[in-house]
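> turn this into a model:
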Amino acid sequence: METAILSTRIFTGNAARPWADALCVKEDRVVAVGSDDEVRQACGRGARVFELPGRLVTPGIADAHLHFVNFGLYLQRLDLRDLPSIEDCRARVRQAVASRKPGEWIIGRAWNEHAWRERREPEARDLDDIAPEHPVMLIRHCGHTAWLNSLALKLAHIEKGTPNAPAARIERDPKTGEPTGLLREYRKIIEKEILPPTLEERKQAALRAQQEALRFGVTGVHSCETLREWEALAALEEEGKLQVRVHHLLPPEELEPARSCGIELGRGSERLWFGQVKLYADGSLGSGTALLHEPYTDNPSERGLVILTPKELQERVELAYRFGGDVGVHAIGDQAVTNVLEAIQASRKRHPGPRRDRIEHVQLLHPDDFAVFRDLGVVASVQPVHLLTDMPVAEKKWGLDRCRYSYAWKSMLKAGIRLQFGSDAPVEAINPLLSFHAAVTRQSLSGEPTGGWFPGERLTLEEVIRAFTQMPAWVSRKESQLGSLAPGKKADLVVFSQDLFQTAQDRLASANVEMTMVNGEVLYHRAGGPSIPF
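Numbering: from 1, shown residues only. As a prediction, the model looks like this:
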């Protein structure tokens, strides 16, 4: 069956022909792109023809950094996003307590003390009176700080004399030394005390995440998770239920177990493949654990946390290279980015070969590192949506002088650094239009600050779309199949209900996805939108 889409505006992402009016799909491939007349002539007589005036068609969006199965699990957990106070968080926890049996864990996500009226960090005592019989763990917006009640601290064996875990920190009362209930970089440690989700629960979570992804035009993801999540995705693929494409990143400690299961770097199917090795160099901005060259402006005694030392980073990068893979390394602070670049540079000397390495987040970059980044050909894998909430926090913690080099996407492009974009879901919403808005306007959704935050770093819409399509395809070594709309490539595309290039910049985030196609199959069509009879 052939399908022709006519009378629309198509951003193809193909340098040979970046714009078109029509395209033809046959089975799972694009077979023709051009004018209405050219596509009509290329299609057979039995082709379905749909005219879509006023819309914008682009290659399918690839969310190049998220946690896919965990995003699905998050959708059923306690949602604390955008709450204005500790008391509002308490109210959510109180509701959860009323519906749970004593002893059952209550897990929540996405609180942000910088948005609270109290303007202070929470403590165990804020939860103890409302959940004395339920262990509670509430994960901060960034995912790097956990807020526990006293029962959860007890079950996790964290008390006054408990030493800090490596590359982590227990916040303590300065007078008594007792844990306050806040734990930096402790989430994975605490999760060992909680009954993990079953395979079936993980599969259902992945299906929920997939539904949300398709609703927002996301046809592929780069998921930073573990073999447990891979297992769920592989099971769905075997059942014919995996519809989006998943480029999976695994931690280095799972390289050998993956190989023993027959999972090899760079191999898999067209829907699921193991692509790169994920490492962590530091923490986060909001938690004050991102690793900096100079101390925090609001806390001069702190420079952040070292998750992996430079020596450990190099050892793990070399391990990935020996297994035949590339690396994706979490680095938010400028010192962490420097450490990663140095580790990659040293590792490549010992293990030469073509690499498509990436650094995740890159929220602060030292000016001396722009050229190093470019010369190594490392990709900056960033999430513009973070800017919507991070602008005032960055100013407070890093100071305006350093912020000149934070979220510096235009400067990166001008320096010759490759950019790819993602959402970091469930830390942020998966909706890519939020990142479109953030990258193009450099403003919050309410339009602050006027003119944009460091407006010289604003990107064009075309640059943003390329970072969501072409570059993720290249990084995942699938550029021959994905990332643009050209004859012979996979028919992964998204139809926006309006031409975003003709939409006011401050209205981008409120636009809609009308249709999402993967492998030539329409997998999402917006209810109530203009009729597209696929």
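> skipping its backbone neighbours, what lies nearest the most centrally placed residue in the chain in space?
The residue lying closest to the centre of the chain (Cα atoms, centre = their mean) is residue 424, at 2.2 Å. In this structure, residue 424 finds its nearest non-sequential neighbour in residue 383, 4.5 Å apart by Cβ to Cβ, 6 or more residues apart in numbering. Where you see a C-beta, it was placed from the backbone N, CA and C, and this is true even at glycine.
> look up phi and psi at the one you found.
When read as degrees, to the nearest 10, the backbone of residue 383 gives phi -130, psi 90.
> which SSE is immediately downstream of the helix or strand that contains residue 248?
Here residue 248 sits within strand 245-250, counting by DSSP states H and E. Next along the chain after strand 245-250, taking DSSP H and E as the criterion, comes helix 255-260.
> what's the closest non-adjacent residue to residue 350?
In space, residue 350 is closest to residue 318, 6.2 Å off (Cβ to Cβ, 6+ apart).
> tell me the secondary structure for the one you found?
helix (DSSP: H, G, I helix; E, B strand; the rest coil).
> would you mind measuring from it to residue 24?
Separation of residue 318 from residue 24 (Cβ to Cβ, to the nearest Å) stands at 47 Å.
> same drill for these two, tell me which one is more crowded.
Set residue 318 next to residue 24 and count neighbours by other Cβ atoms under 10 Å: residue 24 wins out with 26 against 17.
> helix, strand or coil for the closest residue to the more buried one other than its chain neighbours?
Using Cβ to Cβ, 6+ apart and skipping the chain neighbours, the partner closest in space to residue 24 is residue 32 (4.1 Å). Under three-state DSSP, the three-state class of residue 32 is strand.
> need the contact list for residue 32.
23-24, 38-39, 42-43, 487 (Cβ atoms under 8 Å, 6 or more residues apart in numbering).
> might you list the low-confidence residue ranges for the stretch 151-300 of the chain?
Applying pLDDT under 70 to the stretch 151-300 of the chain picks out no residues at all.
> if we can go back for a sec, I'd say the residue nearest to residue 424 and residue 435 touch.
Yes. Between residue 383 and residue 435 there is a contact at 6.8 Å, judged by Cβ atoms under 8 Å.
> confirm residue 372 sits in a helix?
Yes. Counting by three-state DSSP, residue 372 is found in a helix.
> before we move on, the earlier item: which ones are touching the residue nearest to residue 350?
By Cβ under 8 Å, 6+ apart, the neighbours of residue 318 are 347, 350-351.
> and the buried ones among these, selectable in PyMOL?
One line in PyMOL is enough to select the buried ones among the contacts of residue 318; burial here means 16 or more other Cβ atoms under 10 Å:
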select buried, resi 347
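> okay, the contacts of residue 318 in TSV with pLDDT and secondary structure next?
Putting the contacts of residue 318 into TSV (pLDDT from 0 to 100; DSSP: H, G, I helix; E, B strand; the rest coil) gives the following:
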residue	pLDDT	secondary structure
347	98	helix
350	97	helix
351	97	coil
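> count of neighbours near residue 370?
The number of residues packed near residue 370 is 18, by other Cβ under 10 Å.
> could you do residue 451 as well?
Residue 451 has 12 neighbours, counted by other Cβ under 10 Å.
> so when I look at residue 4, I'm seeing a strand, right?
Yes. The assignment for residue 4 by three-state DSSP puts it in a strand.
> ok, now which ones touch it?
22-25, 39-40, 43, 47-50.
> having no further points to raise, I will conclude here.
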